[in-house]
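[1] Quick one, fold the following:
(chains A, B, C and D)
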Protein chains: 4
Amino acid sequence: MCRLLAYKGTPIIFDELLYKPHNSLIQQSTKAREMEEPLNGDGFGLGWYAPEISKEPATFISLNPAWSNRNLRSLSAKIKTDCLLAHIRAASVGGVSEANCHPFQYGSLLMAHNGNVHSFSKIKRELRNELNDEMYHWIKGQTDSEHLFAFLINHILTGKGSFTIENLIESYEFTFAHVKALMAKHGIEEPAFLNLVITNGEFIIASRYVTDTQHEPRTLYHSEGARYIVEDGVSYLAAPEDDDQAVLIVSEKLTDDDHWSMIPKNHFVIVEPSLNVRIRPIKA
Amino acid sequence: MCRLLAYKGTPIIFDELLYKPHNSLIQQSTKAREMEEPLNGDGFGLGWYAPEISKEPATFISLNPAWSNRNLRSLSAKIKTDCLLAHIRAASVGGVSEANCHPFQYGSLLMAHNGNVHSFSKIKRELRNELNDEMYHWIKGQTDSEHLFAFLINHILTGKGSFTIENLIESYEFTFAHVKALMAKHGIEEPAFLNLVITNGEFIIASRYVTDTQHEPRTLYHSEGARYIVEDGVSYLAAPEDDDQAVLIVSEKLTDDDHWSMIPKNHFVIVEPSLNVRIRPIKA
Amino acid sequence: MCRLLAYKGTPIIFDELLYKPHNSLIQQSTKAREMEEPLNGDGFGLGWYAPEISKEPATFISLNPAWSNRNLRSLSAKIKTDCLLAHIRAASVGGVSEANCHPFQYGSLLMAHNGNVHSFSKIKRELRNELNDEMYHWIKGQTDSEHLFAFLINHILTGKGSFTIENLIESYEFTFAHVKALMAKHGIEEPAFLNLVITNGEFIIASRYVTDTQHEPRTLYHSEGARYIVEDGVSYLAAPEDDDQAVLIVSEKLTDDDHWSMIPKNHFVIVEPSLNVRIRPIKA
Amino acid sequence: MCRLLAYKGTPIIFDELLYKPHNSLIQQSTKAREMEEPLNGDGFGLGWYAPEISKEPATFISLNPAWSNRNLRSLSAKIKTDCLLAHIRAASVGGVSEANCHPFQYGSLLMAHNGNVHSFSKIKRELRNELNDEMYHWIKGQTDSEHLFAFLINHILTGKGSFTIENLIESYEFTFAHVKALMAKHGIEEPAFLNLVITNGEFIIASRYVTDTQHEPRTLYHSEGARYIVEDGVSYLAAPEDDDQAVLIVSEKLTDDDHWSMIPKNHFVIVEPSLNVRIRPIKA
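    You can find the predicted model right below:
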């Protein structure tokens, strides 16, 4: 099972999120205490924005376990960002290769996925063939995640053209509905778990979605606060007290307290550039 | 905690030992169900002999988790050997680098270590300075294991000269006694765990040893049989029924049955070229 | 530009071919004296057969330069084979990833390619869409080479069914003709260079082919002899003197003497299981 | 032969230095047109400072050829720094491993070396034994370069204590004199080439030095200007026209014009925090 984390807010040094908390993604990946299947590290990926330099994000991908990547450890103490998306992969569909590592990047957009489309190979070919040439050739790996992202982008490229929050929301819904239709056509009865996080560095959109009614989607939480704090290895978002602001979206709660709100089933959570957070249902 | 396995017997294809058993080293490294600290794979190493080609072994080392190493998986199905030594590392002393991966090789000898010397850096410099120039420069990494092996070889090179079972036994005992003396001199009170397996492809010597009387050494088992069998993912050594023979020495039992004999505390287990197995006390 | 080598004959230790000759593939990759673009090593791949264990080959792939791959160096001195296919890649189409490394494997077949299809992305989608589902999903990378091999196999799978020399020859010709037709349809005027080597461990088929009449195909040589010899870093095939036999097919001559025969333009060279060598024209 | 580059000045995005110039370190490493031995990439390393975050630098090391490292390429377009030290390694002493990659880091200091100490293993043990325990254990690899840097730091740690320009200059001279004495003692007659660049992010010190009188040291140039510019793949430092300032120190000239001053034989070049550049003789 994969894990993901998205942060948007006051600029922060990476290792505050990645290494210092006892319960950080990377610490989790080495401990794996509560999981049936440990996060053995079939790839770790990180994307972040430096808006003063470029609208496009930088990405860093590791096929080795994140905890022993000396470059990542060194960089993490020396780079700040106001928007970061991190993902640890447990290989389900597609081998362990750079091309299969999240986050995926298209222009200024990053995407990470927690979940999977069951029996994806049954619909992969048809889904890919609906892409325009640009997005067809953009795909480099084998994962369901990359194909979903390509389809979602393709719908905008061949339609409304601009990657606004509203257009992305509409494309999420179109994509999910289309995946459901393809699954039905090809007789896939098991649900698809579609928690997708997309950001352009200014806003974040995340879905908590499952394609059938009997199952619960994968967990997805958000937390808001004045700012992100790590003390003695415990991280939290301090209660609002001034203008600093920060939002976290995570696949698992980082602490046991009540700072974390579960996104309702089949809903979006949207972090606007102002850091205002909206929840709204997914129509698909 | 590291894990190790040594096999000597009828030629066998690697993946019979490494992949096919549910409880193989590599399967263990991905499941790690019963361990407090999972074997997350800070390095995997394999050494084996092809006596028809060379007296020196081949080695294969992976810093990535073994289970996602496509070269290892491909090779394992296509190479046979009558003597193999495998090791999975959980980094304790020394970073994750090729130079710190077991097994270590000196000429026709291979060595793998399960355990550690507590506060090794306190005695490392003095231990290394006692080596002759050849062995001093032979050391490429930082681990206690590599230094112990260098010291053990050095004692033979500067003494009896030949790497016979008896000379190795004597050098094990000299090395362990010397480590104890250095630990005492430098005020190290915690025990050193010294399960070392050495082979030249013809014989195997393994120690189950701890430097103090209050602690138990790390576990070490051996099993003997007519031949090694994997059925439905369960591996065992069949009871002797003909001239085929095979011996396994492992840090953990591969099955729950009574095929496995624990090496007594502070004893050697010696597999002779005839596959005869001897147990004898370690005098140190 | 890529380089390739295929060997079939008396069993040989790998490093006799790969490291010992001054002019070996790996030595060439570090020196690159005579090339405009040095072989900087965007991937090295090796496939070989151990017929006593399996009909399927083992493969070993390195994204690092071959000369610094310690596993390859260690293995090469300890494994023998009677049939080996090696390839050094200089990335032209497709990034540097395991999925893009030659040789490609399908069942018992290996394939390596020297050359390229110009503007391949213009015909890639159409070519891939003609594959059956098995071969469509078999493709893991982005290279023209992998797609050509998939198409060639697909033609047999959906036709004559068995991978005999004659069926492979016919499929080569069908594939080349089809690529030419697709190139014409999509307005690609530059030639495609199609030196493909396919082996199943028992026979080797290699094409020396270019799609237009004005250009010469890439070079391709073969050499036959009693056995392969390396003396003082110079390798050659000794003149027939007894029953030992060996054949080499190489993209560049390994020595300056007259042991090497250039395959004529647009011809196959076929090494039969008997080691008999046939040359015949490519009808495409 | 290794190559190195140090930059100090107006903050600059990495790829302006590393990728965009036709003659950049990384472009050179793929072309290697004028070299007898191409820079095949036995490791690439980069260190840089983000003074607003930490006095300690970040480092990034690649054992793969730099040109195919996707993380490096992505990072390079998104990070700015006012002080960067880059090094491409052609392995001479020590294997290809992370521990042998330049630049080496000690606290806020970075060091890269172009050159070598001939027959270094003859003096390595004695040199290392003179270190205090901290520096003895600080060494992780096998290179002459890392040992020289450890010795140079050790002299300050056990003496004047602070890493000022003057103390570093004195320690360079002490280290070079000591290496010469050890070489004489152990009968090494070939010269040692000791171009060492050390920076703390605020100043840069570089030596151009050879231990005997008959040989020339390795080349080392500096260039100063108003700012660093890349146009159409050609990089240069613009003539002073305003307060922006930048200094480059490089092992090879980046352009054929007269912007580059060779450091005189056995001299230091010192870039002060003000960007003032001083040349002074090395007394050793």
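
[2] A:Met111 should be in a strand, yeah?
    Yes: under DSSP: H, G, I helix; E, B strand; the rest coil, A:Met111 sits within a strand.

[3] can you count the residues close to the closest residue to it other than its chain neighbours?
    Residue nearest to A:Met111 in three dimensions, not counting chain neighbours: A:Phe149, with 4.5 Å by CB to CB, 6 or more residues apart in numbering or on different chains. From N, CA and C alone the C-beta is placed, and that goes for glycine too. Here the number of neighbours of A:Phe149 (other CB atoms under 10 Å in any protein chain shown) works out to 27.

[4] which residues sit in contact with A:Phe149?
    The contact partners of A:Phe149, by CB atoms under 8 Å, 6 or more residues apart in numbering or on different chains, come to A:104, A:106, A:111, A:113, A:196, A:198.

[5] Skip ahead from the helix or strand of chain A with the lowest mean pLDDT and say which helix or strand is next.
    In chain A, no helix or strand scores lower on mean pLDDT, DSSP states H and E than helix A:25-31, which sits at a mean of 64. Counting by DSSP states H and E, the next helix or strand C-terminal to helix A:25-31 is strand A:44-48.

[6] Walk me through which strands that following strand pairs with, and which way each runs.
    Strand A:44-48 has its sheet partners listed here by DSSP bridges as strand A:58-62 (antiparallel), strand A:80-88 (antiparallel).

[7] so which of the ones you listed gets nearest C:Asn23?
    strand A:58-62 (37.2 Å; CB to CB).

[8] Dump the one helix or strand A:Met135 maps to to CSV, restricted to CA.
    Assigned by DSSP H and E, A:Met135 falls within helix A:133-138. Taking Å, rounded to 0.1, in the frame of the first residue of the first chain, the C-alpha atoms of helix A:133-138 are listed here in CSV:
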residue,chain,number,x,y,z
ASP,A,133,-0.7,11.7,-29.5
GLU,A,134,1.0,14.1,-27.0
MET,A,135,-0.4,12.3,-24.0
TYR,A,136,0.0,8.9,-25.6
HIS,A,137,3.7,9.4,-25.9
TRP,A,138,3.9,11.2,-22.6
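
[9] Give the buried residues for whichever helix or strand comes after that helix.
    The element immediately downstream of helix A:133-138 (helix or strand, assigned by DSSP H and E) is helix A:144-157. Residues of helix A:144-157 classed as buried by neighbour count (16 or more other CB atoms under 10 Å in any protein chain shown): A:144-157.

[10] What average pLDDT does helix A:144-157 get?
    For helix A:144-157, mean pLDDT rounds to 98.

[11] so which of the strands paired with strand A:44-48 comes closest to C:Asp42?
    That would be, of these and by CB to CB, strand A:58-62, which comes in at 17.9 Å.

[12] any idea how far the closest one is from the chain center?
    On the basis of CA atoms, centre = their mean, to the nearest Å, strand A:58-62 is displaced by 14 Å from the centre of the chain it belongs to.

[13] what's in contact with whichever helix or strand comes after it?
    Next along the chain after strand A:58-62, taking DSSP H and E as the criterion, comes helix A:70-76. Residues from elsewhere that reach helix A:70-76, judged by CB under 8 Å, 6+ apart: A:13-15, A:18-19, A:44, A:46, A:60, A:62, A:66, B:95, D:58-61, D:71, D:75, D:98.

[14] isn't A:Asp82 right up against A:Ile13?
    No: using CB atoms under 8 Å, A:Asp82 makes no contact with A:Ile13, being 11.5 Å away.
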